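> coords please:
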Amino acid sequence: MKPHYPVICILTLLSSCDNSKKVNDKPYQFKESDLSAIEPTDDSVRIVAKKIIKGESIWGSNEDYLFSIFDSLRSSNPETRLICFLAFAEICEQADGYVGEAIGGYVLKYFEYDPIEFMRNSKRISDSTFQDMGYSAGWEIFMSNDSNPDSALDIFISTARRNTHELDTTDQKRLKSFFSRMKEGLDSNSEN
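Predicted coordinates:
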């Protein structure tokens, strides 16, 4: 009798795949038609964001709301954007894996949405988290620009400078250090 290793391997892989999400700690099979039923409302996003700001872990039941918090960085409500940015900063400190990989893209999106607000709100978070955001944004620019990431970063910085010329001297220095961290994030990938 011939060994059936390939069949056993495939069956093992298939049985280990889990395409379910946990909602209320019960397995949930995601269906495209259920999208509206599982998307949180603005109120629930703000509630979870406030819990995270107060020190609650981003994992567990809060994990279901992380990307909704990220998306709310571009909410039409400035109060929601501030709450979600402060929660985003806490998430940046705890994130790893798939969440950590998404941070740079959301930093770029929020910065591009309103760079003055980004800089103003960043004064409310730790300097190390602010610098880590810059590093993640640089990493994202490298990952999303195969042909010439250095040029993409230069264009981003040039555009940002035009859109932030009204910042005071202190904020201009902070912005310059943010751009330096972006360059470090980009360069760290270039070396690999």
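
> for the rest of this, base every contact and every neighbour count on C-alpha atoms.
Will do.

> what about the helices in the chain?
In the chain, the helices defined using DSSP state H lie at 5-16, 35-38, 42-53, 66-71, 78-94, 97-113, 115-122, 127-144, 149-163, 169-190.

> run through who's touching the fourth one.
For helix 66-71, the external contacting residues (CA atoms under 8 Å, 6 or more residues apart in numbering) are 40, 45-46, 49, 58, 84-85, 87-88, 106.

> what are the buried residues along it?
66, 68-70 (16 or more other CA atoms under 10 Å).

> ok, the longest one next?
Judged by neighbour count using 16+ other CA under 10 Å, the buried positions of helix 169-190 are 171-172, 174-175, 178-187.

> quick one: residues contacting Ser180.
Gly134.

> what about Ser57, how many residues close to it?
A count of neighbours around Ser57, defined by other CA atoms under 10 Å, yields 15.

> let me have the buried residues of helix 66-71 in JSON lines, adding pLDDT and distance to Glu140 as columns.
Below are the buried residues of helix 66-71 laid out as JSON lines (pLDDT from 0 to 100; distance: CA to CA, whole Å):
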{"residue": "Leu66", "pLDDT": "93", "distance to Glu140": "18"}
{"residue": "Ser68", "pLDDT": "94", "distance to Glu140": "20"}
{"residue": "Ile69", "pLDDT": "95", "distance to Glu140": "19"}
{"residue": "Phe70", "pLDDT": "95", "distance to Glu140": "15"}
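
> could those residues be laid out in JSON lines, adding distance to Gln94?
Formatted as JSON lines, the buried residues of helix 66-71 follow (distance: CA to CA, whole Å):
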{"residue": "Leu66", "distance to Gln94": "12"}
{"residue": "Ser68", "distance to Gln94": "17"}
{"residue": "Ile69", "distance to Gln94": "15"}
{"residue": "Phe70", "distance to Gln94": "14"}
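
> quick one, what contacts Tyr110?
73-74, 118.

> from Pro115, how far out is Leu153?
15 Å (CA to CA, to the nearest Å).

> find the nearest non-adjacent residue to the residue nearest in space to the middle of the chain, please.
With distances taken as CA atoms, centre = their mean, the chain has Ile103 as the residue nearest its mean C-alpha position (2.4 Å). Once flanking residues are discounted, Ile103 sits nearest to Ser136: 6.5 Å by CA to CA, 6 or more residues apart in numbering.

> and Thr164, by the same measure?
Ile116 (6.1 Å).

> is it true that the one you found touches Leu167?
Yes. In this structure, Ile116 is within contact of Leu167 by CA atoms under 8 Å, at 7.4 Å.

> before we move on, back to that, could you check how far the residue nearest to Thr164 is from Trp59?
31 Å.

> between these two, which has more neighbouring residues?
Ile116 (18 against 14).

> quick one, what contacts that one?
163-164, 167.

> same thing with Thr129?
Contacts of Thr129 (CA under 8 Å, 6+ apart): 89, 92-93.

> got the CA positions of stretch 136-150 in PDB?
Output in PDB follows, covering the C-alpha atoms of stretch 136-150 (Å, rounded to 0.1, in the frame of the first residue of the first chain):
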ATOM      1  CA  SER A 136       5.300  52.600   9.900                       C
ATOM      2  CA  ALA A 137       4.300  55.200   7.200                       C
ATOM      3  CA  GLY A 138       7.700  55.000   5.600                       C
ATOM      4  CA  TRP A 139       7.500  51.200   5.700                       C
ATOM      5  CA  GLU A 140       4.100  51.400   3.900                       C
ATOM      6  CA  ILE A 141       5.500  53.700   1.200                       C
ATOM      7  CA  PHE A 142       8.200  51.200   0.500                       C
ATOM      8  CA  MET A 143       5.800  48.300   0.400                       C
ATOM      9  CA  SER A 144       3.300  50.000  -1.900                       C
ATOM     10  CA  ASN A 145       5.800  51.500  -4.400                       C
ATOM     11  CA  ASP A 146       7.700  48.800  -6.100                       C
ATOM     12  CA  SER A 147       9.300  51.000  -8.800                       C
ATOM     13  CA  ASN A 148      10.700  53.900  -6.800                       C
ATOM     14  CA  PRO A 149       9.800  54.300  -3.100                       C
ATOM     15  CA  ASP A 150      12.300  57.100  -2.600                       C
END
